[in-house]
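[1] fold the following and give me the result.
(2 chains)
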Amino acid sequence: MAELLWLQGQCCSGNTMSLLDAEQPNVLELLEEYRVNLAWHPSLSLESGNQARDILDGFVSKERTLDVLVVEGAVATGPGGTGHYNVFCGRPFKDWLSDLSRVAAFVVAVGECACFGGIPAAEPNPTGATGVQFHKGTRGGYLGVDYRSQAGLPVVNIPGCPAHPDWMTQTLMSILVGRAGDIVLDEYQRPADLFAGLTHDGCTRNEYFEFKVDGAFGEKEGCLFGEFGCQGPLTHSSCNRLLWNRQSSKTRAGVPCFGCTEPDFPTFDFYHTKKGLGGIPTELPLGVPRARYVAMAGAAMAACPPRLRKKLIEGRS
Amino acid sequence: MAVAEPLVHPGRTVVDVSPLNRVEGDLEIKAIIEDGKVVAARAQAVMFRGIEIILKGKSPMDPLVITPRICGICGQSHLRTAVHALESAWDAEVPPNATLVRNICLGAENTQSHATWFYALFAIDLTTPRYAGHPAYAELVRRFAPITGTSYRGAVEVRKRMLEMVAIFGGQWPHSSYMVPGGITGNPYLTDITKAIAILDDFRRFVEEVALGCSVERWLENKSLADVQAWLAESSKHADSDLGLFLRYGPELGLASIGKGPGRFLAPGLYDEPDSRFPGRPNERRTWFKAGFHDETGLHPFDHLKIREDIARSWFEGYEGGRHPWEGVTVPAYSPENHEDGKYSFAKAPRYDGRSAEVGALSRMICNQDPLVLDLAAKLGPNVFTRGAARLHEMVLTLPKMREWLNAINLKEPFYKKPVEKKDAQGVGLNEAARGSLIHWVVLKNGKIDNYQVITPTAWNVCPRDSLGNPGPIEEALEGTPVADLNNPLELGHVVRSYDACLVCTVHAVSGKRVVPYRVGI
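    Residues are numbered from 1 along each chain as shown, chains lettered A, B, ... in the order given. Reported below is the predicted structural model:
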């Protein structure tokens, strides 16, 4: 039986809510069929008050072995280094994290806040918020560059605002079925199997992107990169490969990607493409040189098939 | 003048529930108990993120992405509210199709939230060994025990499927930002609508077969407590349904005699009428669930200008007394427990016309003059039981309406109309999350956010005392609550959870996790 403890720092519970949307396995199957004991979870467990505290103390004192510590939410260090902006179970949350990270075999940070600090750590960072082992794109965060869990791994980051349920469940599965050794972490300690590709991959509006046809709100047609600040071609995620809630994705529904799996989220000035000289977006698809992009865009517009400038379905709004 | 009083003195026991979980975010309750009853209680919020501070100076559209992240449970309600605030500031027109899609998705979020509240957060408490002597105990455990309960498992599945409806129209749940001033970002296919109908029918089947034991329409014929009693007697299917068990045993377990609260109910209105083309104009806005404020003298029109936020006992500084949120400021000022300033919470204290008010499904149904809930409240009073019944009733009531909205979408008509943006303007976003009143206020200057203030439902319910020393609704509701076992103060959990407090959603911001020593005094 693997002992799993889930704690929340400065968070919105969005990753917990997302986790509940999981399938294959769903949350109950994950716990039952893969022999996980959910030692405590702030939303799902029966225990309150002293009963909850006893469980945490049992792990800290090593009476019980902590196999997986899941952290959701940023770590508040303010005001003045005290951590009083987030007190949990009678102590600053950061102190619980220090104690429990020392005894955990694996530490998994779920969601943007736990991974990189997320929204609470956005400027002016009023609460001194930081991620578990990163502060935005810089290694270190709360636990420091050198932190390793009992299994010898750094913190495994499952970013996103929120993280997709499969990103969480399948990463936990990798640990539970003995494949932790196969997890490849990228420069931000994200599992490459989930974050090697881009959000752009699999977007239903890709043809509009290819031929530089801009969209507008309230439409099925058009690409959101040119005018609406879509970060899809610059953001690592599998949103359009795995889809959300088994149905769709933000970009498919006409919502620009906000880049919420990258360490600098939130970048603000959303729904808006910043442009430089000649109306060219200042941020281009990952790795594409500016001059080449301009040439490619010009050729693409010239080659655009007329059907892409029409309504997808005649007679519809 | 409040005088500090020692926390512990002979005859008193301080019960510190830290954390009180399953309120969607943790809460710590400190209750002072004399002779087995709570004489005073404090709800303390101690998680602060400073989201209002972060929004200052940002672009007007940024709250559409940032504020849903205040709360992962009611994120879509925040999105609707943020959009509404801009529609108010920019005087935007909204096509009926957009309002329909927004209502459908908000309905999905709210109805599944009510189911989640009942099965995953509240009914679990009915399975604790304390109730082992009750004749229905074995059945309560069989259905409601966490993870293993049959209804618990069913609810976890149907809530998930219901949220697929939001993903169909908005891309994902939680945290999409598909509503924008003037409409929505997408444009549904016919097959999106048919699939949404199937999802709705799926949820309805669970409600009818498991929760009600009858059709939605049969339940909605109940207009009074007497009707409900007749409904229970009419069929064993009714009596043995999950709602039947709750209605029969809730009062027996004492739920109808605890958690009264202030007896004042606030509701800014929920679900804009599709033909209400300018929902951002407070005087023209029409909603399906009507806005109102209900106190001891009856029902009054809702006016957001009567709202003030007080910070006398909150860890903030910058002004005395109360301020309307358009003039509000958020400057954190943490001080240790027992500091002479008496501050003990990161929640501000919202007041309507100077007084605290309860928000949530019970308030919404009372202000909407729902006959059944009005009768329950009149006969039984507001309490843990009535609050739960009102929430489940609202869930049932919303389902047929969602089908009406789905039927009304006209695929030939637009889903978006571009608004004219104003660089200098102020707006108010009026809405309700599942757990009650949700309002955003925005002030724009030179095309940037000069001030952004949010009052969440939980801020209303979980707030601390104000400068007059008057308690927040949950603090008041806890007073007088009997506590049978000091080591397991289950009754306190019943009261707090009856408000469906979503602690993460308090921006200023509670995800409150504890309560400091309490000072009694006049």
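
[2] point to the residue nearest the middle of chain A.
    Geometric centre of chain A, nearest residue: residue A:160, 1.6 Å, by CA atoms, centre = their mean.

[3] check contacts around that residue.
    Contact analysis of residue A:160 by CB atoms under 8 Å, 6 or more residues apart in numbering or on different chains lists A:111-112, A:167, A:237, A:260-261. Placement of C-beta: from N, CA and C, glycine included.

[4] could you list which of those belong to helices?
    A:112, A:167 (DSSP state H).

[5] could you export the contacts of residue A:160 as TSV, including pLDDT?
    Formatted as TSV, these follow (pLDDT from 0 to 100):
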residue	pLDDT
A:111	98
A:112	98
A:167	98
A:237	98
A:260	98
A:261	98
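
[6] just send the contacts of residue A:160 back as CSV, with distance to chain B and neighbour count too.
    Output for those, formatted as CSV (distance: CB to the nearest CB, whole Å; neighbours: other CB atoms under 10 Å in any protein chain shown):
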residue, distance to chain B, neighbour count
A:111, 9, 35
A:112, 9, 33
A:167, 13, 29
A:237, 11, 29
A:260, 8, 26
A:261, 12, 29
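
[7] can you tell me which two in the contacts of residue A:160 are farthest apart?
    A:111 and A:237 (13.0 Å; CB to CB).

[8] want to throw the contacts of residue A:160 into a markdown table with distance to residue B:99?
    As requested, the contacts of residue A:160 are exported to a markdown table (distance: CB to CB, whole Å):
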| residue | distance to residue B:99 |
| --- | --- |
| A:111 | 31 |
| A:112 | 31 |
| A:167 | 34 |
| A:237 | 31 |
| A:260 | 27 |
| A:261 | 32 |
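
[9] what parts of the stretch 301-450 of chain B come near chain A?
    For the stretch 301-450 of chain B, the contact set with chain A under CB under 8 Å from any CB of the partner chain comprises B:332, B:334, B:346, B:411-418.

[10] swap in 10 Å and give it another go.
    Listed as neighbours of chain A in the stretch 301-450 of chain B under the rule CB under 10 Å from any CB of the partner chain: B:315, B:330-337, B:346, B:410-418.

[11] residue of the stretch 1-150 of chain A nearest chain B, please.
    Residue nearest to chain B within the stretch 1-150 of chain A (CB to the nearest CB): residue A:14, separated by 2.7 Å.

[12] got a list of what that residue touches?
    Contacts for residue A:14 (CB atoms under 10 Å, 6 or more residues apart in numbering or on different chains) come out as A:72-73, A:110-113, A:160-163, B:68-73, B:75, B:173-175, B:504.

[13] can you give me the neighbour number for residue B:130?
    16 (other CB atoms under 10 Å in any protein chain shown).

[14] residues contacting it?
    Per CB under 10 Å, 6+ apart, neighbours of residue B:130: B:137, B:253, B:484-485, B:488, B:490-491.

[15] now these as JSON lines including secondary structure, distance to chain A and pLDDT?
    Shown next, in JSON lines, are these (DSSP: H, G, I helix; E, B strand; the rest coil; distance: CB to the nearest CB, whole Å; pLDDT from 0 to 100):
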{"residue": "B:137", "secondary structure": "helix", "distance to chain A": "15", "pLDDT": "95"}
{"residue": "B:253", "secondary structure": "coil", "distance to chain A": "17", "pLDDT": "92"}
{"residue": "B:484", "secondary structure": "coil", "distance to chain A": "15", "pLDDT": "89"}
{"residue": "B:485", "secondary structure": "coil", "distance to chain A": "12", "pLDDT": "84"}
{"residue": "B:488", "secondary structure": "coil", "distance to chain A": "8", "pLDDT": "77"}
{"residue": "B:490", "secondary structure": "helix", "distance to chain A": "9", "pLDDT": "85"}
{"residue": "B:491", "secondary structure": "helix", "distance to chain A": "12", "pLDDT": "90"}
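
[16] next, give phi and psi for the residue nearest to the centre of chain A.
    Residue A:160 adopts backbone torsions of phi 120, psi 150, taken as degrees, to the nearest 10.

[17] quick one: it and residue B:269, what's the gap?
    Distance of residue A:160 to residue B:269, given as CB to CB, to the nearest Å: 33 Å.

[18] up against chain B, what does the stretch 101-250 of chain A have?
    Residues of the stretch 101-250 of chain A lying close to chain B (CB under 10 Å from any CB) are A:111-113, A:118-129, A:160-162, A:164-165, A:215-221, A:224, A:228-229, A:239, A:243-250.

[19] what helix or strand is residue A:46 on?
    Here residue A:46, judged by DSSP states H and E, is contained in no helix and no strand.

[20] that one contacts residue B:126, correct?
    No - counting by CB atoms under 10 Å, residue A:46 does not reach residue B:126; the two are 11.4 Å apart.

[21] neighbour count winner among those two?
    More neighbours surround residue B:126 than the other of residue A:46 and residue B:126, with 24 against 16 (other CB under 10 Å).

[22] shaky segments in the stretch 1-150 of chain B?
    Scanning the stretch 1-150 of chain B for pLDDT under 70 picks out B:1-27.

[23] can you name the residue of the stretch 151-300 of chain A nearest chain B?
    Counting by CB to the nearest CB, the stretch 151-300 of chain A gets nearest to chain B through residue A:218 (2.6 Å).

[24] if we ignore the residues flanking it in sequence, what's nearest the residue of the stretch 351-500 of chain B found nearest chain A?
    Residue nearest to chain A within the stretch 351-500 of chain B: residue B:416 (2.6 Å; CB to the nearest CB). Once flanking residues are discounted, residue B:416 sits nearest to residue A:218: 2.6 Å by CB to CB, 6 or more residues apart in numbering or on different chains.

[25] residue A:259 and residue A:239 touch, don't they?
    No - using CB under 10 Å as the test, residue A:259 is too far from residue A:239 to be in contact (11.1 Å).

[26] neighbour-wise, which of those two wins?
    Neighbour totals were compared for residue A:259 and residue A:239, and residue A:239 leads with 29 against 24 (other CB under 10 Å).

[27] so what sits against both of residue A:111 and residue A:237?
    A:159-160, A:163, A:167, A:260.
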